[in-house]
Structure formats: C-alpha cells, structure tokens
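Visitor: need a structure here:
(3 chains)
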Amino acid sequence: MKRLLTVALLLLAVVALPAQEVVTFMPQWLPQTQFAGYYVALEKGFYAEEGLDVIVDHFGGSSTGTALEKIEQRKVDIITSQLISVMIERERGMHLINVLQTSQVNGLMCATHFPITSPASLDSALIGRWKVGFGEVCDLFCYKNGLHVEWVPYIQGINLFISGAVDGLLCYSYSEFLQLELATGGIREDHRIRFSDYGLNYPEDGLYVTEEFYRNHKSTVDKFVRASRRGWEYARANKEEALDISMKVIAEFNVATNRTFQRMMLDEILRLQVNPLTDIADYAPVRREVFEELNRSLIEAKILKTTLNYEEMIR
Amino acid sequence: MNVTITEEGAKALVKLEGRLDTTNADQFQKDIQPLMTGSHTEIDMDCSDMEYTSSQGLRMFLMLQKTVSARGAKLVLRNMKPHVKEVFDITGFSHIITIL
Amino acid sequence: MSLKKNFASRLSLYVLLISAGLMLVVTILFGLFSSSAMRLESRAVAERELDNAILDIEKVITEVERTVDNLDWVVEQHMQDESFLYLVTREIVTANPNIIGSAVAFEPGFYKGRKYFSPYTYIGDQTHEVHSIQMGNENYDYPVLDWYQIPKLLNRPYWSEPYFDDGGGGQAMSTYSMPLHDDEGNFYGIMTADISLAWLSDRVDAIKPYPHSFTMLIGRNGSFIAHPDENKVLNETIFTVAMEMFDTTAVQIGREMLAGAKGMQRFSNRGEDSFMVYGPLSNGWSMALVCSYADVFRNARIMNIVLGALLFLGLIGLFIGCRRIIRQLTLPIVEFSNSAMTMAKGNFKAAIPEVETKDELLKLRNSLSYMQQSINEYIEELKSTTASNERYESELNIARDIQMSMLPQDFPQRDDLSLYAMVQPAKEVGGDLYDFVVVGDTVYFLVGDVSGKGVPAALFMAIARAAFRFIGALGLPMKEVVQRVSDCLCDGNTSEMFVTLFAGRLDLKTGQLDYCNGGHNPIVVIDPDGKASFLQAKPNLAAGLFPGFPYQDEIITLKRGTRLVLYTDGVTEAERVDKLQYGEEQLLAWAQRVSPDTPSNVVVSDLFTQVKHFTRGADQNDDITIMSLLFK
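Guide: Okay, the predicted model is just below:
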C-alpha cells in the first residue's frame, strides 16, 4: 500500500509539475525594436509565466541564412515573417500558418535620388533590393503600373543608396528609411514613395509556425502567442523600458546601431500595428478579402500560381 | 547848503544855495573855514538861491562878519530873498551885516 | 565717520567711483576686443590643426590608393596564375603598414567559370599573423556586398563606409576598392585594400589644441568613423547625436559636412559654448574638430580674475590714499572754521592759521584775515561813535534838564489874567525859554530863543533868565532891562551866541504894556473882538551880540479882553515833510479863529495841535514855545 502511494505521488508530481517547454524563436532580421514585444515578453517573464523557455535566434551580419530557411530546416520553431513571403513559400511546399498578425499597415517604401511625380517615375530606374527577399509589394506595384525596374541585390544597409550607386532603394518605413533620414539629415518629400498610398496596403509582420508544429503543439503556440501579445502591449505602454530591453539584446549581438534610431523604429512599428479600421492595436487577423485580393494580385503579377486557402493559412 | 567859493585875486566870490539850519550848521561852518582863515580883502556872497536860514545860521554869518571885520576885510551879502532878509531884519542883524 | 560729514571721505568716494567707472569701461572694451581676438586666434589654431590632421590622413589614404593602383596591372599580367594572385594580395598587405587586408575579387563566372573566386590576405587582429584564404562562398556572397557592388556600379574607385568585418579581419575597417577592367574595358573584378580604423582613431585623438577639444571623423552616411566616445563609432550618426542634443545648429553642421563643405560654426555643446571647424577629405569623409570656448578663455579668465582682484585692491588703496591726502590738504579749512568760531564767540583777535600754499586756501585765509581786521576797525569806530553819541546824549539830557528846570510851571490864577505857556523841545535842544513873574499887579513876561544848542545854549538861557528876573525887578524901563540883559550875555560870550527875545511888562490895573523886542518874531495881538494882528515893534537886535546896543522900547495900552500870543520860530518855521513851513499867515489865520474868552492853556494847547497836524509826522527840528496872555 505504501509503495503504491509513493508511486502515485511521484506520477502526480510528474504530471502536476509544470514542465518548462523549450521553444526556439527567430525574428526575420537582426535584433532591433522591430521585435521589441518579444524581447519584452522574454525579459519580463511573460513566456516563463506560460511555462515556456524561449530561445531567441537571429538573422546575423554577413551570414545569409534567413528565418524562412531555418524554419524549413526545422532548426527553429517559431519565426516572424511577412504574409507575402509566406504565401510564396507555401507554393514552394513549405506550409506555414499565421498565428498572430502584428503588422496591420504596409511599411514598404522606396527612397530615390530623383523626384517622384507619378508611379511612372520609377520606370527604368536602378533600385537596390534585399537579396533575401521582402520586395514583392514593389513587384506588384511595377506590374500594376507596367514598370520595368532594374534590381540591384544587396545584403543590408544604406551605403548603396548613399554612395549614389543606385537611383533608388527599397526600404522599410521603420528601418532603412529612418536610417536614411539619420544619415542625410532628411530625405526630400518628393524623393520617396510609400506603396501603401497606392492601394497596396497589405499587412506584413506576423508570427508563423509550420502546420505540423501547430498540430502537435497547439497549446504551446497559443501560450507563445498570448505571452507575445502581452509583451507588445507592455512595450506600447512602456516605450522607454522596452527600448532599454531591446538595446540590451542588440548589444549582445554587436549590431551597429544607436538608441535614437531604435526609438524611432519602435515608434513606427507601434504605429504600423494600429488597425486603421478600429484605430487600436487589436492584432486582428488578416481579413479574408485582403488575403484573397492579395492572392489574386500575386497570381496576376506572375509571382504566384496557385490560389491559396484562407482557412488553412490564417488562424 | 551848497557853498561854492571862487577866488578872484584877493576877492572871494561865494555862491550860497539851499537852506541853512541846525542840521547842516556844522557843515556850513566847515565850508566857510577858508573864508574865516583866509586873507581875502573882500568877500562877496551871492544869496539869490539861499532859501532859508535859522538862528543857528545867523550865528554863522555873525561869526564870519566878526572875523572878517577883525582883519579889516569887507563882507557883503547880496540879492537875498525877501523872507530870508526878513529874518535878518527882525533880529536886527541887517544892521550888523551889510546886506545889499 | 558718516560720509555726509566727512569731506575727505566723500571726495575720495567720488574719485573712487569715477575711477572705478572708467576702469570698468576700459576693462569691458578691452575684454570685448581681446575676447574677439582670442576667438579668431582659436579658430585659426583649430583650423591649422584640422588641416594638418587631414593632410596626415590624406597621406595614408593616398598611399593606400597608390599601392592598389600600382599593382592592378600585375593582376592583369598574371591572371592565370592563381598562386600569384594570392602573392599580390600578400604583397599589398605587407608592403604598407596601414593595410590590414587585401583581396582580388572576381566577377561570378569570370575566373575559370567559378561563381566565387577571391584570393584574400589579412593580418589577424589578435595574432598579427598573415593569413591568406579564398573568401567567397555561399555564406560570403561578396558580389552583393557594398565594397564590391558599389564601385562596380559607380565604375570608379570607392572607399567604403566603415564596417565591422568578420569575414577574416575581425575588426572595424574601411575598404578601398578599385574596379578592374580588361583591355576591352569590361569589368571583371575588384581589387581591395582594407585599413584599420583603430589606427585612424588614434591619429584623430592626437589632435588636441585645447584640453577639452575632440575630433570626429564622419563618413558619407553621417556615421562616426572616429570619435572620442567609442560607443558612438559605427553606431551613431552625426544626426542621431544632434537630435539628442535638440540642437538644430548641429543638424545644419552635419548637412554641411556631408555636402563636403569646409567651415567653422559656433554652437552649444550640451550647454557649453563651443565651436567646430570642419573640412572634407578627398574620399568623401569629413573631419570636425570641436573646441570649447571655456578652454580658449580659461587662461584669459584666470588672468581676468587676477587683474580684477588687483584692480579692486588698487581702488581700495586709491580710496584710502585720496582720503588721507585730502584730509591733509583741507586741514587749514578746519582750522579756519575753528578761528571763525572763536571770533564769533567774541574774541576778534583770534589767531588765523598761516597757509603755506599759494592756492585758494591762501585766498580764504587772506579773506578771513581781512574780515577780522574790518570787524575790529568797525567795532572800534562803533565804540567811539557810541561813546560820543552817549556823551552827546548825556549832554543833551543835561541841557534839557537845565532848560526845563528854568521854565516856571506855577501859572498865575487871577481874575484879570489868564497866562499859560509851554515849550515842546526838539531833539537838538534849541534853547527856547519863557519866563513870567507877577509882582503885585504887574506881570513881567519873556519869550526867547537862544541861538546855539546843547549845554552852552542852556547855560546861556539860564543867564538870560536870571538876568531878566534880577534886572526886571528893578523897575527900569524895558529898553534898559533888555539892554542890561544883553550886556550880561555879551560878557564872556565868545561863541557868538545870542538870544532873540520879546520882553514885556503889563500893568494889570491900567492895561499899560511896556515892551521891548530883541530881534524876536513879532507877537500876535488878538483884540477883544477877535481881530488878530501882528504887533508892530522895532526889531532892535538879538541880545548878547553887541554890548551897549541902544535898544528901543514901546508903550501901548491894552483894552481888557486883549490876548497876546508869544511864540518862537519853532512855530512859524515848523516844516512839513515837503519842507513847506507853517508860516506867519497860517498863524494869523489861526489867531483869528480863537475865541476871546478861551482860557490860555486851551489856546496854547490848540496851537500846538495845529502845528502838530500841520507837520504831520515830520521831524521837529526846533523847540516850539507858545505863550498866551489874556488880559481880562
């Protein structure tokens, strides 16, 4: 009887004790306040409270291994990525599911050395573009306006533009564009173009996991999502603290940046998270109409071939 | 009383102007000192502008007369105003002093 | 020692204030002038340092460029020899101490069809050993890297923006890239040389014209290549710093520097008044040297403080010295005031201190001395005048006393006679007298006017009266009486005094009047019916002039009720202010108005009043005597 009790207790203990589940998370770029909410959730123990032990990996320096590649290789569990990139990957066979949509407004821009008077201004221009991707919205733009652009692939940074080697540079309103502003003292109003102004306001950043992972670890995913949301909400309410936490992570990875730039990025990221329909950061999932319209546009532009299933991709 | 003495050799011409009363009797006495102590043989006094004389004044004239007579000189008072001559008359001095 | 009461202190204070004011103005002007001169100088110094530093760095840059430029033909020559290409990169690294890495990177597909081929030599940051590798691979996709792509697109040599390279060097560096072209001018690769930024920081740190100066080197994208704060290097741009400083001037400077401008700008470096001189380097970088004006003026400030302290002490010394000297100089004034005080207290012979200088103080002394003298003389004169006045006064008093004592006041109270007389003496006692004696039924009366004044006249009068009383009582005819009285008076009379008189004797039973006039004013006779007239009388001569003069008398008979009014020339010659005299006509007119029965005292008093009214306040210059004799 005594032995049975002991075993029962042990079994109970094993079941009852919360196991710290290990989760590997990789944002799609170098450490920066673009991912502040996640750093905050980690630092403030939101993940730990959900019973998660989160390891954060990063896309780094001159190494060209991306988050998408890593998740394909099953080297990481959860990544951030953009909707369009995921759609493209799905066609290639990698089935990722959106579990949290943080970005509500498209932030892609193009900075130029010449004045933009109409979409046609970009025609025949030499435009710098990340080798690793993220420029599809511009492809849609070019397709819609019948433009032919010569792309110059590069890794990262703004020197390609500053040196005058290219006519324009694709950049994000929260990232390279701010860097350009801080490098030059200000980009002229007519030397920029924001693609969301031209009807291409497709949401970008979100949390993605493989279908398989989702099936096997749904509760884990839910916990991660919950804690991440808390992290973002906390960051929105405590910007300076979020900035401090982010700067710590950045310092660990030796990224060349500064507090002013990171603060500006955080402000812009938080702004892009506000849902234009509700005026609050509600992390609403991508709407079906938007998803299907994007799908159609990508097919038209010959970027995609297949019509994708909304339910399958968006949770 | 203004006393103006002009000498013509040994003759003294004296012009008297104004009043002679107790207030300026002393001054008059000083003014005629040159005639008293001088050696004029004749003293001719023009009294046409002599307005008045008091008894003190009379005394002065008397003293002058006596001094002048003592040294044998002549004293003449001329053209005296009537009311002034009256005083000399009343007091009987007209008999003592030559008044013309 | 209140300032108000102390002349020396007050004057010294004014001198002090004026001096201080002048010094302040001079100091300020000098300060402004010298500070602007120092500003100019500091700018020149800074610019010089900056130019020198830029030259130094340019030298290195040029050397590196030349090293690479000179060896590109070698690459072309020995293109086929792979190992030779590695040698070239080794050569570049070892030839120049500043070069820490070198590579020849070929365009994908150019070199024997390979996607990546880039021989690369570098010096290990920690080990200082020289390593050679082929650096291109999937992980190091050099064709899309800045140092390859940008010069390729620009088609000219390019200095990269500083970056942290972990391809092999493992340190902060900048790369000089030169595009390579074949004979047909086709691009086929890039040749590079890397320089360490650490060296650059060291060189830049050495620029320090002033203790708190610092220098920054800025790339084309505004990022710091060299900065005293290591954390800023590669992390911050000049604009992030400017934004943190909330300083628009800094932003402006940043833009100018990026535009390759050379210049100087004054700005506030976190509250410190500073200035920055900046200038471009040939490769598009820009260098700026920041100096704090506090440093520039530090020495000057110390000097100013010392100068200020000295001036302050000097002014105090000036004040004290001035006060002492002034007090010394004005000592005589104090002594003068003491002398004046002594004089004021009555000692007019008080000593006045001597003065040695020939200035205004001597004038003051002389004035004071002269004043003292004048006062003394005046006092003496005053004393003697007062004394003689007193003597004169006492003499007059004596004369008056004599005169008054001789005027009888016991007027007769008889039925047949009303007699009253009064003398109103003048200041300058003229010597009027009256006298009367009643013997039985005869009344002897006399009114007279003595010619002199003072005591001699009074005595003369006394003699005349005494003589009259004595001689009159003998019962001689009046002419005899007057003659004898005159003879008495002539005796011993050397000063030509005389007395005009009217003497009379009235028999109160018969009314016979014997009278003799001795040069006196004609008396007024008022008939019982009131008609007034002057009594005709021979003038004779005033008494006391000629002894033995044949006086003539007259006799008339008065009716009862006849009044005689006797007077002296004090009445007829009483003057108004305008010198108009009362005159005989007015006297007669008055006499005409007298009522026959009026008592003599009333008559006398009335005439006095008339005369007083007439003269109306003018000084009385002669005695006034009036006698009224009424034969009732």
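Visitor: Give me the three-state assignment for residue C:12.
Guide: Following DSSP: H, G, I helix; E, B strand; the rest coil, residue C:12 is assigned to helix.
Visitor: Report the contact partners of it.
Guide: Going by CB atoms under 8 Å, 6 or more residues apart in numbering or on different chains, residue C:12 touches C:318, C:319, C:320, C:322, C:323, C:326. Glycine gets a C-beta too; all of them are placed from N, C-alpha and C.
Visitor: what number of residues lie near the second one?
Guide: The one in question is residue C:319. 18 (other CB atoms under 10 Å in any protein chain shown).
Visitor: ditto for the fifth one
Guide: Neighbouring residues of residue C:323 were enumerated by other CB under 10 Å; the total is 21.
Visitor: Over to the fourth one?
Guide: By other CB under 10 Å, 19 other residues sit near residue C:322.
Visitor: Am I right that it sits in a helix?
Guide: Yes - applying three-state DSSP, one finds residue C:322 inside a helix.
Visitor: Run a quick check on it versus residue C:9, I expect a contact.
Guide: No - Residue C:322 is beyond contact range of residue C:9, at 9.2 Å (criterion: CB atoms under 8 Å).
Visitor: Distance check, the closest residue to residue C:511 other than its chain neighbours against residue C:513.
Guide: Closest residue in space to residue C:511, ignoring its immediate chain neighbours: residue C:558 at 4.4 Å, by CB to CB, 6 or more residues apart in numbering or on different chains. Per CB to CB, to the nearest Å, residue C:558 is found 5 Å from residue C:513.
Visitor: hey, what's in contact with both of the two?
Guide: Common neighbours of residue C:558 and residue C:513 (CB under 8 Å, 6+ apart) are residue C:506.
Visitor: between those two, who's got more neighbours?
Guide: Higher neighbour count among residue C:558 and residue C:513: residue C:513, with 23 against 20, using other CB under 10 Å.
Visitor: Could you pull up the residues touching the residue of the stretch 451-600 of chain C at minimum distance from chain A?
Guide: Closest contact between the stretch 451-600 of chain C and chain A, by CB to the nearest CB, is at residue C:577 (110.7 Å). By CB under 8 Å, 6+ apart, residue C:577 lies in contact with C:615, C:616, C:617, C:618.
Visitor: burial count for residue A:212?
Guide: Around residue A:212 there are 11 residues (other CB under 10 Å).
Visitor: ok, and the closest non-adjacent residue to it?
Guide: Counting by CB to CB, 6+ apart, the residue nearest residue A:212 is residue A:95, at 7.9 Å.
Visitor: Quick one: residues contacting that neighbour.
Guide: Residue A:95 neighbours (CB under 8 Å, 6+ apart): A:210, A:211, A:212, A:312.
Visitor: Next step: the residues you listed restricted to strands.
Guide: Members of those lying in strands (criterion: DSSP state E): residue A:210.
Visitor: quick one: least confident of the contacts of residue A:95?
Guide: Among the contacts of residue A:95, residue A:312 has the lowest pLDDT, at 79.
Visitor: Surely it touches residue A:97?
Guide: Yes - here residue A:312 reaches residue A:97: they are 7.5 Å apart, a contact under CB under 8 Å.
Visitor: Which one's more surrounded, those two?
Guide: residue A:97 (20 against 11).
Visitor: So what sits opposite that one in the bridge?
Guide: When bridges are called by DSSP bridges, residue A:97 pairs up with residue A:209.
Visitor: Show me what the strand or helix carrying residue C:400 packs onto, helices and strands only.
Guide: In this assignment (DSSP states H and E), residue C:400 forms part of helix C:360-405. Packing contacts for helix C:360-405, counted by 3 or more CB pairs under 8 Å, 6 or more residues apart in numbering or on different chains; DSSP states H and E, involve helix C:331-344, helix C:454-472.
Visitor: Kindly calculate the angle that the shortest one makes with helix C:360-405.
Guide: If you take axes from the mean of the first three to the mean of the last three CA atoms, to 10 degrees, helix C:331-344 sits at 10 degrees to helix C:360-405.
Visitor: So for helix C:331-344, mean pLDDT?
Guide: For helix C:331-344, the per-residue pLDDT averages 82.
Visitor: what packs against it?
Guide: Helix C:331-344 is packed against helix C:360-405, with contacts defined by 3+ CB pairs under 8 Å, 6+ apart.
Visitor: what element comes up after the helix it packs on heading to the C-terminus?
Guide: Assignment by DSSP H and E places the next element after helix C:360-405 at strand C:413-414.
Visitor: want to throw the helices and strands packed on helix C:360-405 into CSV with distance to residue C:291?
Guide: Formatted as CSV, the helices and strands packed on helix C:360-405 follow (distance: least, CB to CB, whole Å):
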stretch, distance to residue C:291
helix C:331-344, 60
helix C:454-472, 112
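Visitor: can you redo those as TSV with mean neighbour count?
Guide: Below are the helices and strands packed on helix C:360-405 laid out as TSV (neighbours: other CB atoms under 10 Å in any protein chain shown):
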stretch	mean neighbour count
helix C:331-344	15
helix C:454-472	20
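Visitor: wait, which of the ones you listed is closest to residue B:53?
Guide: Closest approach to residue B:53 among the helices and strands packed on helix C:360-405 is made by helix C:454-472 (17.3 Å; CB to CB).
Visitor: so after that closest one, what's the next helix or strand?
Guide: Moving toward the C-terminus from helix C:454-472, the next helix or strand (DSSP H and E) is helix C:478-490.
Visitor: Would you mind writing the CA trace of the helix or strand just after that next one as PDB?
Guide: Per DSSP H and E, the first helix or strand lying C-terminal to helix C:478-490 is strand C:499-507. Output in PDB follows, covering the C-alpha atoms of strand C:499-507 (Å, rounded to 0.1, in the frame of the first residue of the first chain):
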ATOM      1  CA  VAL C 499      19.100 185.200  22.200                       C
ATOM      2  CA  THR C 500      16.200 186.700  20.400                       C
ATOM      3  CA  LEU C 501      13.600 187.800  22.900                       C
ATOM      4  CA  PHE C 502      10.500 189.700  23.500                       C
ATOM      5  CA  ALA C 503      10.200 191.100  26.900                       C
ATOM      6  CA  GLY C 504       7.200 192.900  28.300                       C
ATOM      7  CA  ARG C 505       5.600 194.400  31.400                       C
ATOM      8  CA  LEU C 506       1.800 194.600  31.800                       C
ATOM      9  CA  ASP C 507       0.200 196.700  34.400                       C
END
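Visitor: what's the closest non-adjacent residue to residue 83?
Guide: By default, I'm working from chain A. Nearest non-adjacent residue to residue A:83 (CB to CB, 6+ apart): residue A:203, at 5.8 Å.
Visitor: was after chain B, sorry
Guide: Leaving out its chain neighbours, the residue that sits closest to residue B:83 by CB to CB, 6+ apart is residue B:52, at 7.7 Å.
Visitor: Using the three-state scheme, assign that neighbour.
Guide: Strictly by three-state DSSP, residue B:52 counts as strand.
Visitor: isn't residue C:604 right up against residue C:422?
Guide: Yes - between residue C:604 and residue C:422 there is a contact under CB under 8 Å: 5.3 Å.
Visitor: tell me the helices in chain C, going along the chain?
Guide: Along chain C, the stretches classed as helices by DSSP state H are C:7-77, C:82-95, C:146-154, C:197-205, C:238-244, C:248-258, C:293-329, C:331-344, C:360-405, C:454-472, C:478-490, C:569-572, C:583-593, C:600-615.
Visitor: Many thanks, we can stop here.
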